[in-house]
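Peer 1: predicted structure and sequence below. I'll ask about it afterward.
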Amino acid sequence: MPAARCCQRRESRNGKRTNGGNGGAPAPVSLFLGRLPPYNVRRYFKETARAAEGTDVYEILTRTIDAAWAILYEAGFYVVFGLAAAGLIHLFVSREWMVRTLGGRGFGSVVRAALVGAPLPLCSCSVLPAACALRGKGAGRGATVSFLISAPETGLDSIAMTWALMGPVMAIVRPAAAVLTAMTAGFFETLRDRRMPPAEVAAPACTICNSDDCEHVPRRSRWGRFWTFVLYDMGDDLGPSLALGLALAGVVGALVPEGFFERYLGGPWASMLVMLAVGLPLYVCATASTPLAAVLLMKGLNPGAALVFLLVGPATNVATVLVVARMLGKVSAVLYVGTIAAMSLVCGAAVDLAVGALRVDVVSHEAHELVPPWLLAAGAALLGVFLAWSVVRWAWRHRPWGVLRQPGGPPLTAKSAKNAKKD
């Protein structure tokens, strides 16, 4: 007994008291673990506390940077290609053509809206004004909902990144599931639309030729608009979110052990429900969610749960649901969220069944064998510059000493605004 007490004092001096055989966890962690229910969560925290002993912060930081760079190296070339393709679509696809194609209140407009929105590089925030414009130009409720789902859930840039990180199977399944989900929600909304009066059509921007996109409206050069769209519009919409997604993917890759989801989340349905609960309120674009989903796949997450996260995350967040409720009504907002949740679970279960039956490797890197290493490195460098440019612009816009502007008045500096507030 005295020897045991002496040993206990020696351990308390070193700051590592054991409590109930928790593997040398610190006292607060041990107390917390003792109150947890006897599920896999308790076991996970015990093993995490045991593994954290002796772990160097520098080692964790190094592993995080290595994981983030590996994803950037694998996906850089494909994302740059997707950005260029998105810029070309912006140049040659006019708003007038989209309104003419997506107009009407039938089921055909729903299908066209899903197919047109799928390749467009619109995130969950930039798709809202586009959908409002389509609705104001006479697009049906079903076509508007279909476009609201297919455009943010997938795009040329996210498809290219999915091909780079997850292989051709997920690169095909992801847009197909997005289009199917958009069409299903649009069909349900079209059935409601037939019992409601048509929306008022807004006046065109140009009254000379009754068009929004004509030679009477001042326009910049074509390639000037291309670079402005890629560097500024897509940089502001996509860059900060993609940088955050890469950082989170690096953290997950460095800290989450192999086989984590198989050991602690149970079967595939439990994983899909967890990803559904995580993705519903989360604000993340399709491209930014791709590296995170790829790392989760490598850590043992089933492909169906990864697909649920890829479908739900970009299309549902608080801002989108509020805009849908204001534009189409509360019933349409509930139908919007419910259809996305149900279809994502159905598509996820179908993917799990198909992958299990066909024994397909969804985490495939065969696509990189077609691209030489120097081109992958160049793409990673270009994407890194693009992300740095986007993050710097975001930080500059959100600087605390920025220029304030009065409604309808001249710009004010922060100092003059404070003086005006005192007066």
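Peer 2: Okay, I see it. Worth saying up front: this structure is predicted, and the values here are computed from it rather than measured. Numbers count the residues shown, from 1 in each chain.

Peer 1: per-domain residue ranges of the protein.
Peer 2: 2-52, 57-397 (automatic domain parsing).

Peer 1: avg pLDDT for the longest one?
Peer 2: It refers to domain 57-397. For domain 57-397, the mean pLDDT works out to 80.

Peer 1: follow-up on the earlier one: comparing the domains of the chain, which comes out most buried?
Peer 2: domain 57-397 (a mean of 19; mean count of other CB atoms under 10 Å). (C-beta placed from N, C-alpha, C; glycine too.)

Peer 1: who are the packing partners of the host helix or strand of A350?
Peer 2: Using DSSP states H and E, A350 falls within helix 330-358. Applying 3 or more CB pairs under 8 Å, 6 or more residues apart in numbering; DSSP states H and E, we find helix 330-358 packed against helix 141-153, helix 168-193, helix 268-279, helix 303-315, helix 318-328.

Peer 1: same for the next helix or strand after that helix, what does it pack against?
Peer 2: Next along the chain after helix 330-358, taking DSSP H and E as the criterion, comes helix 373-397. Secondary-structure packing of helix 373-397 (3+ CB pairs under 8 Å, 6+ apart): helix 57-92, helix 234-255.

Peer 1: adding distance to G384, write those helices out as JSON lines.
Peer 2: Compiled in JSON lines, the helices and strands packed on helix 373-397 are given as follows (distance: least, CB to CB, whole Å):
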{"stretch": "helix 57-92", "distance to G384": "6"}
{"stretch": "helix 234-255", "distance to G384": "10"}
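
Peer 1: out of those, which is closest to A171?
Peer 2: Nearest to A171, of all these, is helix 57-92, at 9.6 Å by CB to CB.

Peer 1: the inter-axis angle of the closest one versus helix 168-193?
Peer 2: Angle, helix 57-92 to helix 168-193, by axes from the mean of the first three to the mean of the last three CA atoms, to 10 degrees: 60 degrees.

Peer 1: quick one: the helix or strand following helix 57-92 to helix 141-153, angle?
Peer 2: Counting by DSSP H and E, the next helix or strand C-terminal to helix 57-92 is helix 95-102. On the basis of the same axes, to 10 degrees, helix 95-102 is oriented at 120 degrees to helix 141-153.

Peer 1: one step back: what's the closest of the helices and strands packed on helix 373-397 to G167?
Peer 2: helix 57-92 (11.1 Å).

Peer 1: remind me what the closest one packs against, helices and strands.
Peer 2: Packed against helix 57-92, as judged by 3+ CB pairs under 8 Å, 6+ apart, are the following elements: helix 156-166, helix 222-228, helix 234-255, helix 286-298, helix 373-397.

Peer 1: and the ones you listed as CSV, adding distance to A277?
Peer 2: Below are the helices and strands packed on helix 57-92 laid out as CSV (distance: least, CB to CB, whole Å):
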stretch, distance to A277
helix 156-166, 22
helix 222-228, 39
helix 234-255, 17
helix 286-298, 14
helix 373-397, 28
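
Peer 1: what does stretch 244-258 rub up against?
Peer 2: 51, 60, 63-72, 284, 287-292, 294-296, 298-300, 387 (CB atoms under 8 Å, 6 or more residues apart in numbering).

Peer 1: can you show me the CA trace of stretch 90-108 as CSV?
Peer 2: Only the C-alpha atoms of stretch 90-108 are listed here, as CSV (Å, rounded to 0.1, in the frame of the first residue of the first chain):
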residue,chain,number,x,y,z
HIS,A,90,-20.4,31.8,-68.8
LEU,A,91,-19.3,33.4,-72.1
PHE,A,92,-21.4,31.4,-74.6
VAL,A,93,-24.6,30.6,-72.6
SER,A,94,-26.7,33.7,-72.3
ARG,A,95,-29.5,34.4,-69.8
GLU,A,96,-32.0,34.9,-72.6
TRP,A,97,-31.3,31.3,-73.8
MET,A,98,-31.7,29.9,-70.3
VAL,A,99,-35.0,31.7,-69.8
ARG,A,100,-36.3,30.6,-73.1
THR,A,101,-35.2,27.0,-72.4
LEU,A,102,-36.5,26.8,-68.8
GLY,A,103,-39.7,28.7,-69.4
GLY,A,104,-43.1,27.0,-69.1
ARG,A,105,-44.9,25.1,-66.3
GLY,A,106,-44.7,21.5,-67.7
PHE,A,107,-42.6,18.5,-66.8
GLY,A,108,-40.3,19.1,-69.9
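
Peer 1: show me the contacts for Y78.
Peer 2: 160-161, 163-164, 379.

Peer 1: which pair in the residues you listed spans the largest distance?
Peer 2: W163 and G379 (13.0 Å).

Peer 1: about what we covered before: relative to Y336, which of the helices and strands packed on helix 330-358 is closest?
Peer 2: helix 318-328 (5.2 Å).

Peer 1: other residues contacting the closest one?
Peer 2: By CB under 8 Å, 6+ apart, the list of residues contacting helix 318-328 reads 124-125, 128, 131-132, 135, 141, 144-145, 148, 152, 189, 281, 283, 332-333, 336-337.

Peer 1: relative to L165, how far out is the closest residue to T101 other than its chain neighbours?
Peer 2: Excluding the flanking residues, the one nearest T101 by CB to CB, 6 or more residues apart in numbering is R112, at 5.4 Å. The spacing between R112 and L165, counted by CB to CB, to the nearest Å, is 30 Å.

Peer 1: again with A270
Peer 2: In terms of CB to CB, A270 sits 24 Å off from L165.

Peer 1: show which residues not belonging to stretch 376-386 make contact with it.
Peer 2: For stretch 376-386, using CB under 8 Å, 6+ apart, the contacting residues are 69, 72-81, 83, 231, 235, 239, 368.

Peer 1: please repeat the previous calculation with a cut-off of 7 Å.
Peer 2: 72-73, 76-77, 79-80, 235, 239, 368 (CB atoms under 7 Å, 6 or more residues apart in numbering).

Peer 1: over to stretch 301-312?
Peer 2: 153, 173-174, 177-178, 181, 261, 268, 271-272, 275-276, 278-280, 289, 293, 296-297, 340-341, 344-345, 347-349, 351-352, 355, 362.

Peer 1: again, only this time at 8 Å
Peer 2: Contacts for stretch 301-312 (CB under 8 Å, 6+ apart): 153, 162, 166, 170, 173-174, 177-178, 181, 261, 268, 271-272, 274-276, 278-280, 286, 289-290, 292-294, 296-297, 340-341, 343-345, 347-352, 355, 362.
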